[in-house]
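Asks: Fold the stuff below for me.
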Amino acid sequence: MEGAPNLLAGLDEDSLHVLNRLSSEGGTWIVGGWVRDALASVPGADVDIATSLSPDQVVGLFPDSLTHGARFGTICVRTPKSNRTWEVTSLRTEAGYTDGRRPDVVKFGEDIIEDLSRRDFTVNSMAIAFPSGDFLDPFEGMADLGSRVIRTVGDPSKRFSEDGLRILRAYRFIASPGGWFLDKGTESAIRDCIGMISSVSAERIGSEFRRMIKLESGGESLRLMRDHGLLEKILPGAELIEGLCPTSDLAVAMALMYKESSVDAVVASETIKSNLKATKEEVSIFGLLMTLHPSTSLTSAEEVRRFHVYVPPNWKDSVIAYLDWFGVDRTEVLREVPPPRAGAAPLVDGNTLSEYTGIEPGVRLGRLKGHLHRLQIERDLTHQNEVLGLLGEIDFAGEDHFGWKSLSWP
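Replies: Numbers count the residues shown, from 1 in each chain. Just a heads-up that it's a prediction; the model follows:
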């Protein structure tokens, strides 16, 4: 393509060092996302490299590299002067995908066109030779880039049967800015190959899902996933709501999708944990959000003080984002009611409380201590005597201690 060689001028110094080292020993091409995004004037993609060198030869040039993908021809190149990595893949041919994820046989070669022919989509099958700058586009990826169409390289059913993750990558493209859409043949093959998702690990599904919902048109991707039957396979029972994306908070997105669902919150928690590999913290935040009633949350000073103390700092943004989605803005009340002046710790310990009340250590004393702590926070008490004075309001010797509320939120 005219002007494509000028793209090399946009390479950073560290990438040029890696490319120059590789090209001094063998054929070297920049491939994939960097080429696509550079042509579209969208900077930021990693510089992925194809080479005619074998993995052993690549490691010989860059001894500090990571070799966990060497079996499939991929080396994560590291250099002493940079904390970055570059994915360098030896030109190869592949055969057999019995697990629907990885090739059974990999043979290294020297044909860049054959290497590009095994890639997923035409917009990812372009390459720039280094250092000549020759632009290679054997599958008309540039035309598809201009039209914003997602089309597989070759037979779409074959491409998806080789690697089920490509289905999710197609949906992620749809989520990207610019109004991408699926080629009819590609969309038809996705519908036919939806079952291939079972061959994709939950970690990879979760990773693609997180990237998708952050993007401008993530909602359109989710709609297509629903229409094609994939969303139900990944998140059974989830309800797609208008305006969900973009968001970088998986817990918030999941709570919004399951809030009005018939699926029990505990079951939904297990679903996102197992199917998306949601972290323990994300699952906990999701569980908290599922208990909230937005219109009645954070409406009193007492509750706001408990929120300040009880909810971990990194969870609070999720709560606020969740409430905001329902049109509930609590920023003013959170600003007007600061955290308790005495901090979060109880002002009365168990020994003091036992001496004061005559209650022996045990469940009753523990429940009373927890209840006083809650009242201390709610009323913003600052001295031990103020807390002990609350005992005048409590029949601590006769009341059912299981009725005493400990510090919690909501």
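Asks: Off-centre distance for stretch 164-173?
Replies: Averaging C-alpha positions (CA atoms, centre = their mean, to the nearest Å) puts stretch 164-173 15 Å from its chain's average.
Asks: Restrict that stretch to CA atoms and write it as PDB.
Replies: Extracted C-alpha coordinates of stretch 164-173, given in PDB (Å, rounded to 0.1, in the frame of the first residue of the first chain):
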ATOM      1  CA  GLY A 164     -12.700 -21.200  19.800                       C
ATOM      2  CA  LEU A 165     -11.200 -18.100  21.300                       C
ATOM      3  CA  ARG A 166     -11.400 -16.500  17.900                       C
ATOM      4  CA  ILE A 167     -15.100 -16.300  18.400                       C
ATOM      5  CA  LEU A 168     -14.700 -14.000  21.400                       C
ATOM      6  CA  ARG A 169     -12.000 -12.000  19.600                       C
ATOM      7  CA  ALA A 170     -14.600 -11.300  16.800                       C
ATOM      8  CA  TYR A 171     -17.000 -10.000  19.400                       C
ATOM      9  CA  ARG A 172     -14.300  -7.800  20.900                       C
ATOM     10  CA  PHE A 173     -13.600  -6.300  17.500                       C
END
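Asks: what residues does it touch?
Replies: Applying CB atoms under 8 Å, 6 or more residues apart in numbering, the external contacts of stretch 164-173 come out as 100-101, 120-121, 123, 150, 152, 159-160, 180, 182, 186, 190, 193-194, 196-200, 204-205, 208-209, 211-212, 215, 221, 224-225, 230. For the C-beta atoms, the positions are set from N, CA and C on the backbone; glycine is no exception.
Asks: List the buried residues for stretch 25-35?
Replies: 26-35 (16 or more other CB atoms under 10 Å).
Asks: In this protein, where is pLDDT below threshold?
Replies: 1-5, 94-106 (pLDDT under 70).
Asks: Where do the helices of the stretch 301-410 of the chain begin and end?
Replies: 301-310, 313-325, 331-336, 350-357, 363-379, 384-389 (DSSP state H, counting those that start in this stretch).
Asks: Any chance you could give me the third one in CSV, C-alpha atoms only?
Replies: The C-alpha atoms that make up helix 331-336 are tabulated as CSV, following Å, rounded to 0.1, in the frame of the first residue of the first chain:
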residue,chain,number,x,y,z
THR,A,331,-21.7,12.0,46.5
GLU,A,332,-23.2,14.9,48.4
VAL,A,333,-24.2,12.9,51.5
LEU,A,334,-20.8,11.1,51.5
ARG,A,335,-19.1,14.4,51.4
GLU,A,336,-21.3,16.0,54.1
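Asks: list the buried ones in that helix?
Replies: For helix 331-336, by 16+ other CB under 10 Å, it's L334.
Asks: Off-centre distance for it?
Replies: Counting by CA atoms, centre = their mean, helix 331-336 comes out at 30 Å from the chain centroid.
Asks: Tabulate the helices of the stretch 301-410 of the chain (a markdown table), appending distance to A342.
Replies: Converted to a markdown table, these look like this (distance: least, CB to CB, whole Å):
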| stretch | distance to A342 |
| --- | --- |
| helix 301-310 | 10 |
| helix 313-325 | 18 |
| helix 331-336 | 19 |
| helix 350-357 | 15 |
| helix 363-379 | 7 |
| helix 384-389 | 9 |
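Asks: one step back: of the contacts of stretch 164-173, buried ones?
Replies: Buried among the contacts of stretch 164-173 (16+ other CB under 10 Å): 100, 120-121, 123, 150, 152, 159-160, 180, 182, 186, 190, 193-194, 196-197, 199-200, 205, 208-209, 211-212, 215, 221, 224-225, 230.
Asks: from the contacts of stretch 164-173, which ones fall inside strands?
Replies: 150, 182 (DSSP state E).
Asks: quick one: which two of the buried residues of stretch 25-35 are the most distant?
Replies: Spatial extent of the buried residues of stretch 25-35 (CB to CB) is set by the pair G26 and G33 at 22.2 Å.
Asks: closest to S65 out of the helices of the stretch 301-410 of the chain?
Replies: helix 313-325 (34.4 Å).
Asks: How about residues contacting the closest one?
Replies: Against helix 313-325 from outside (CB under 8 Å, 6+ apart): 247, 249, 251-252, 255-256, 281, 284-285, 288-289, 292, 294, 297-298, 307, 311, 329-331, 334.
Asks: how about the closest residue to S82 other than its chain neighbours, what does it touch?
Replies: Among residues not flanking S82 along the chain, D14 sits closest, at 4.6 Å (CB to CB, 6 or more residues apart in numbering). For D14, the contact set (CB under 8 Å, 6+ apart) comprises 79, 81-82, 84.
Asks: again, only using 10 Å
Replies: 47, 79, 81-84, 86 (CB atoms under 10 Å, 6 or more residues apart in numbering).
Asks: Those residues in strands, which ones?
Replies: W86.
Asks: Can you say which of the contacts of D14 are buried?
Replies: The buried subset of these (16+ other CB under 10 Å) comprises 47, 79, 86.
Asks: Just read off the phi/psi values of the first one.
Replies: Yep, that's V47 we're talking about. phi -90, psi 100 (degrees, to the nearest 10).
Asks: try the one 4 residues further on
Replies: With angles defined as degrees, to the nearest 10, T51 shows backbone torsions of phi -140, psi 150.
Asks: From G392, how far off is it?
Replies: 80 Å (CB to CB, to the nearest Å).
Asks: So for the two, which sits in the more crowded spot?
Replies: T51 (30 against 7; other CB atoms under 10 Å).
Asks: who's in contact with the more buried one?
Replies: Neighbours of T51 in contact, by CB under 10 Å, 6+ apart: 19, 22-23, 25-29, 31, 57-58, 61, 73, 75, 77, 88-91, 108, 110, 112, 115, 130.
Asks: switch to 6 Å and redo it
Replies: 22, 26, 28, 88, 90 (CB atoms under 6 Å, 6 or more residues apart in numbering).
Asks: Closest to F402 out of these?
Replies: Of these, the one sitting nearest to F402 (CB to CB) turns out to be V88, at 63.9 Å.
Asks: Skipping adjacent residues, who's closest to L353 in space?
Replies: Counting by CB to CB, 6+ apart, the residue nearest L353 is K369, at 5.5 Å.
Asks: tally of neighbours for the one you found?
Replies: Neighbours of K369 using other CB under 10 Å come to 20.
Asks: For L375, see how far away it is.
Replies: Distance from K369 to L375, by CB to CB: 11 Å.
Asks: What of L136?
Replies: With CB to CB as the criterion, L136 and L375 are 72 Å apart.
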